[in-house]
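model the following, please.
(4 chains)
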Number of protein chains: 2
Amino acid sequence: MAVDTSLSERKLIILKAIIQNYLETGEPVGSRTLSKYTELNLSSATIRNEMADLEDLGYIFQPHTSAGRIPSDKGYRLYVDMLMEEKEQEITEREDAMLEKADKVEKVLQQAAKVLASNTNYATMVSAPMNSRNTLKFIQLSQVDEEQIVAVIVLGGNVIKNKIIEVGETLSNETLLKLNMLLNTTLNGMSIDQITLGLIARLKEQAGIHSEVIGHVLDAVAEIIHVEDDMKIYTSGTTNIFKYPELSDKQSAQEIISAFEEKQQLEDLVTETLASGDDHAIQVYIGDEAPVKNMKDCSVVTATYELGEGMKGTIGIIGPKRMDYEHVMKTLKTLQSELDAIYNKNPKE
Amino acid sequence: MAVDTSLSERKLIILKAIIQNYLETGEPVGSRTLSKYTELNLSSATIRNEMADLEDLGYIFQPHTSAGRIPSDKGYRLYVDMLMEEKEQEITEREDAMLEKADKVEKVLQQAAKVLASNTNYATMVSAPMNSRNTLKFIQLSQVDEEQIVAVIVLGGNVIKNKIIEVGETLSNETLLKLNMLLNTTLNGMSIDQITLGLIARLKEQAGIHSEVIGHVLDAVAEIIHVEDDMKIYTSGTTNIFKYPELSDKQSAQEIISAFEEKQQLEDLVTETLASGDDHAIQVYIGDEAPVKNMKDCSVVTATYELGEGMKGTIGIIGPKRMDYEHVMKTLKTLQSELDAIYNKNPKE
DNA sequence: GTTAGCACTCAAAACAGGGGAGTGCTAATA
DNA sequence: TATTAGCACTCCCCTGTTTTGAGTGCTAAC
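Here you go, the predicted model:
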């Protein structure tokens, strides 16, 4: 990224001015406007020369001749990387109140998406934490009726899952007790990745004639992971995109909204975010950079949060390229630590 | 509804022709078009006279002078009530295959919404069955760690819910066993409405010093009903509305899409559908008739399905007023009996 | 009762012109 | 040498006007 060094101080100032102005107005910005807007007192002509240079370098472009300039993706990139000053002031207190104790994780997350959307006026998504790296805390088998038992599986962080298992015979109480003992002593505290084939074989051996049940239980465990694989994603404020003319033509709107409806694409986004980079960094995808093709006309800002024990989820904001990056990143950061805090302080809620 | 009798045979034919033509093309239909389109050989002039009458009666109207006529809500109403001939032929076999055994109810319903959407090109929703009138099948308390027990509650139809309960003390195995016995013998097979205050008092009395736990469990049961109250709704094909110009202007599109996002409005729709009328009838709401204000420019067609034991859900299609009512109603009927069949034949899947 | 014909209406498309914001270039200026 | 003023030019966009054409209502003839 040696590109930036090739830009003079003045060019940077002008570029920054162009972008900031464009973020506010959404209109192409011309040289005259800039000559007043910027502190360095230059005539429009000078600015024009600089702008021509910037255009040659690919940071800005004209939608058509005799229009002002608007930032290119490359320009935005430079902006978020270097030019943007973080306005750290006034850490918002409001959200504290909004995220009041909702008693279920899902509720909290849905709420978070909502708060975020109303706070930013963009479309938002929050993915529920995945428990791939989670630990088994407790397993309980119980007879429901003659032919069915239910396996209750509690994961770290008190995520509970159940699965009905069909059994041909009625199992005696002692048998169930024994199996429960066996399962819990062996598997308790184990990470899901730690359950190896060898371990399974050993378990089955100890279960004797009931090895089949053990098999079913482990299948259930596996399936639970699998089920969790198609992750839950909460969205809000989708229709906010109609507020931005450049996104609200039929074509774009349809693409973006269907990306939100078929969660598959959002899942890709989450996966990408979780995979790449530092845990608590904020990531910014501009245009094509996003791993979601339908969002080529948008910018996407994401953050990762953590509910302890390696359960991570993603928060994301989707808006026009000319989004208010500073505000968004600040808000996202706040919410991120918000979520981090709530659950690390109070994991049972 | 004596209105219809006042219409001559010929007027009915013409009205029907107008509507059918409009359904296909989406364009206002004029007298010339009709004079060829209809079998009764009449000149455009004659048709014009009849159309003038129909307009006076409120069945059709002109979007502006010198445009063709389009059906009014009243016209559509008459059409779906009387004029439309059911094309019963070729009961679709395809869907059978599509709704292949998904092993979770949610999956099936989500799938159903998808199939429906791709089949009709409209927006669709499927509500998960509510279990308000459901019965308790099984309750199991288990100790998770020193301070927590988990209550697993199985409802009829094998809907499983759990709830972590905080207890100050560690309960002995015998105590748990006793409580489990007590809960199951007393509550087993009961409908949720049948658990009265008197019953609760009696339970607590029998539980003695552990009455508090019983209280928590019952709270959990109550909460589970409550949680289920904000029902799950699956949607698909929201963006199909962009296919219909009359709905895809910013204003309408935004309204409809946000109705789909904030599920509250869809819930109203479901409630209305479930409340009103015969179980297996198909209901058609045209324009204002729908209980959802955001859909005043749409038509909504709904059906109720049943998963046995009084658990009912709703399937709905939302499209433009000029939707292909016949196809939609037929498809809906098929899917309805599809769902009915799957779960009544094979309730455990 | 039906039809042909005609005058009329009005939305939408096609067209034309003016205004204006913005540019690039050149020549003058500090 | 960098900056600026000035000027010609471009081209979007707005506005108003015209044209077109589909469709109607009405009247008179069949």
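
quick one: the helices in the stretch 101-250 of chain A?
With helices called from DSSP state H, counting those that start in this stretch, the stretch 101-250 of chain A shows them at A:105-120, A:173-187, A:197-207, A:211-229, A:250-261.

any idea which of these scores lowest on pLDDT?
The minimum mean pLDDT among those belongs to helix A:211-229 (a mean of 76).

tell me who's in contact with the closest residue to residue A:232 other than its chain neighbours.
Distance criterion Cβ to Cβ, 6 or more residues apart in numbering or on different chains; nearest residue to residue A:232, sequence neighbours excluded, is residue A:128 at 4.0 Å. (Glycine included, C-beta is placed from N, CA and C.) Contact partners of residue A:128, counting by Cβ atoms under 8 Å, 6 or more residues apart in numbering or on different chains, are A:105, A:106, A:109, A:231, A:232, A:233, A:234, A:313.

let me know which of the helices of the stretch 101-250 of chain A is the nearest to DNA strand D.
DNA strand D lies closest to helix A:250-261 among the helices of the stretch 101-250 of chain A, at 16.8 Å (Cβ to the nearest atom of the strand).

quick one: contacts of that closest one?
A:123, A:125, A:235, A:238, A:241-242, A:246-247, A:265-266, A:292, A:294-295, A:297-298, A:318, B:235-236, B:238-239, B:242, B:248, B:253, B:257.

longest helix in chain A, please.
Ordering each helix of chain A by length in residues (DSSP state H) puts helix A:325-345 first.

which parts of chain A are strands?
Taking DSSP state E as the criterion, chain A contains strands spanning A:60-61, A:70-71, A:123-127, A:136-145, A:148-155, A:159-166, A:233-236, A:282-286, A:298-306, A:312-320.

if we can go back for a sec, show me which of the contacts of helix A:250-261 are buried.
For the contacts of helix A:250-261, a burial check counting by 16 or more other Cβ atoms under 10 Å in any protein chain shown picks out A:123, A:125, A:235, A:238, A:241-242, A:247, A:265-266, A:292, A:294-295, A:297-298, A:318, B:235-236, B:238-239, B:242, B:248, B:253, B:257.

ok, the closest residue to DNA strand C within the stretch 1-150 of chain A - contacts?
Of the residues in the stretch 1-150 of chain A, the one nearest DNA strand C is residue A:30, at a distance of 2.7 Å by Cβ to the nearest atom of the strand. Residues counted as contacts of residue A:30 (Cβ under 8 Å, 6+ apart) are A:44, A:67, A:68, A:69.

just give me the neighbour total for the first one.
Pointing back at residue A:44 there. 14 (other Cβ atoms under 10 Å in any protein chain shown).

re earlier: can you say which of the helices of the stretch 101-250 of chain A is nearest to residue B:79?
helix A:250-261 (29.0 Å; Cβ to Cβ).

give me the pLDDT for the one residue in the stretch 1-150 of chain A that gets nearest to DNA strand D.
Closest to DNA strand D within the stretch 1-150 of chain A is residue A:66: 2.9 Å, counting by Cβ to the nearest atom of the strand. For residue A:66, the pLDDT comes out at 90.

just the one 3 residues further on next, same as before
pLDDT for residue A:69: 96.

so how far is residue A:175 from it?
For residue A:69, the distance to residue A:175 (Cβ to Cβ, to the nearest Å) stands at 77 Å.

which of these two has more neighbours?
Neighbours were counted for residue A:69 and for residue A:175 using other Cβ under 10 Å; residue A:69 has more, 27 against 18.

can I assume the more buried one is in contact with residue A:53?
No: the pair residue A:69 / residue A:53 is not scored as a contact, 11.5 Å apart, by Cβ atoms under 8 Å.

dump the residue contacts of the residue nearest the centre of chain A.
For chain A, the residue sitting closest to the mean C-alpha position, by Cα atoms, centre = their mean, is residue A:314 at 2.6 Å. The contact partners of residue A:314, taken as Cβ under 8 Å, 6+ apart, are A:125, A:126, A:127, A:269, A:270, A:273, A:274, A:302, A:303, A:304, A:305.

ok, now with 7 Å
By Cβ atoms under 7 Å, 6 or more residues apart in numbering or on different chains, the contact set of residue A:314 is A:127, A:270, A:273, A:274, A:302, A:304.

picking up where we left off before, just name the most buried of the strands of chain A.
Greatest average neighbour count among the strands of chain A goes to strand A:123-127 (a mean of 28), per mean count of other Cβ atoms under 10 Å in any protein chain shown.

which strands border that strand, and is each parallel or antiparallel?
Looking at strand A:123-127 with DSSP bridges, its partner strands are strand A:233-236 (antiparallel), strand A:312-320 (antiparallel).

quick one: which of these is nearest residue B:142?
So among the strands paired with strand A:123-127, strand A:312-320 is nearest, using Cβ to Cβ, at 28.0 Å.

now the closest one - C-alpha only, CSV.
C-alpha atoms of strand A:312-320 as CSV (Å, rounded to 0.1, in the frame of the first residue of the first chain):
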residue,chain,number,x,y,z
LYS,A,312,-18.6,-15.6,18.4
GLY,A,313,-21.2,-13.8,16.5
THR,A,314,-21.2,-11.0,14.0
ILE,A,315,-22.9,-7.6,13.8
GLY,A,316,-23.2,-5.9,10.5
ILE,A,317,-24.4,-2.8,8.9
ILE,A,318,-25.2,-2.5,5.2
GLY,A,319,-25.7,0.9,3.6
PRO,A,320,-24.7,3.0,0.7
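
give me the angle between that strand and strand A:282-286.
40 degrees (axes from the mean of the first three to the mean of the last three Cα atoms, to 10 degrees).

any idea how many residues pack against residue A:6?
8.

and for residue A:56?
If you count neighbours by other Cβ under 10 Å, residue A:56 ends up with 9.

close to DNA strand D: what parts of the stretch 1-150 of chain A are there?
A:41, A:42, A:43, A:45, A:46, A:49, A:64, A:65, A:66, A:67 (Cβ under 7 Å from any atom of the strand).

report pLDDT for the fifth one.
In this model, residue A:46 is scored at 94, pLDDT.

contacting residues around the residue lying closest to it once chain neighbours are set aside?
Nearest residue to residue A:46, sequence neighbours excluded (Cβ to Cβ, 6+ apart): residue A:35, at 7.9 Å. Residue A:35 sits next to A:42, A:43, A:44, A:47 when contact means Cβ under 7 Å, 6+ apart.

give me every residue that touches the residue nearest to residue A:163 when sequence neighbours are not counted.
Spatial nearest neighbour of residue A:163, excluding adjacent residues (Cβ to Cβ, 6+ apart): residue A:220 at 3.8 Å. Neighbouring residues of residue A:220 by Cβ under 7 Å, 6+ apart: A:151, A:153, A:163, A:165.

in the stretch 151-300 of chain A, what residue comes closest to DNA strand C?
residue A:250 (15.8 Å).

just checking, residue A:31 touches residue A:51?
Yes: judged on Cβ atoms under 7 Å, residue A:31 makes contact with residue A:51 at a distance of 6.1 Å.

out of the two, which sits in the busier spot?
For residue A:31 versus residue A:51, neighbours defined as other Cβ under 10 Å are more numerous around residue A:51 (24 against 21).

ok, the closest residue in space to the more buried one that isn't next to it in sequence - contacts?
Spatial nearest neighbour of residue A:51, excluding adjacent residues (Cβ to Cβ, 6+ apart): residue A:69 at 5.7 Å. Shown in contact with residue A:69 (Cβ under 7 Å, 6+ apart): A:18, A:28, A:29, A:51, A:55, A:60, A:61, A:62.

try residue A:63
Residue A:63 neighbours (Cβ under 7 Å, 6+ apart): A:28, A:70.

what's the answer for the one 5 residues further on, then?
Applying Cβ under 7 Å, 6+ apart to residue A:68 gives the contacts A:28, A:29, A:30.

next, give phi and psi for it.
phi -70, psi -170 (degrees, to the nearest 10).

so which residues on the stretch 151-300 of chain A come close to chain B?
Within the stretch 151-300 of chain A, the positions adjacent to chain B are A:152, A:154, A:158, A:160, A:162, A:164, A:238-239, A:242, A:248, A:250, A:254, A:257-258, A:261 by Cβ under 7 Å from any Cβ of the partner chain.
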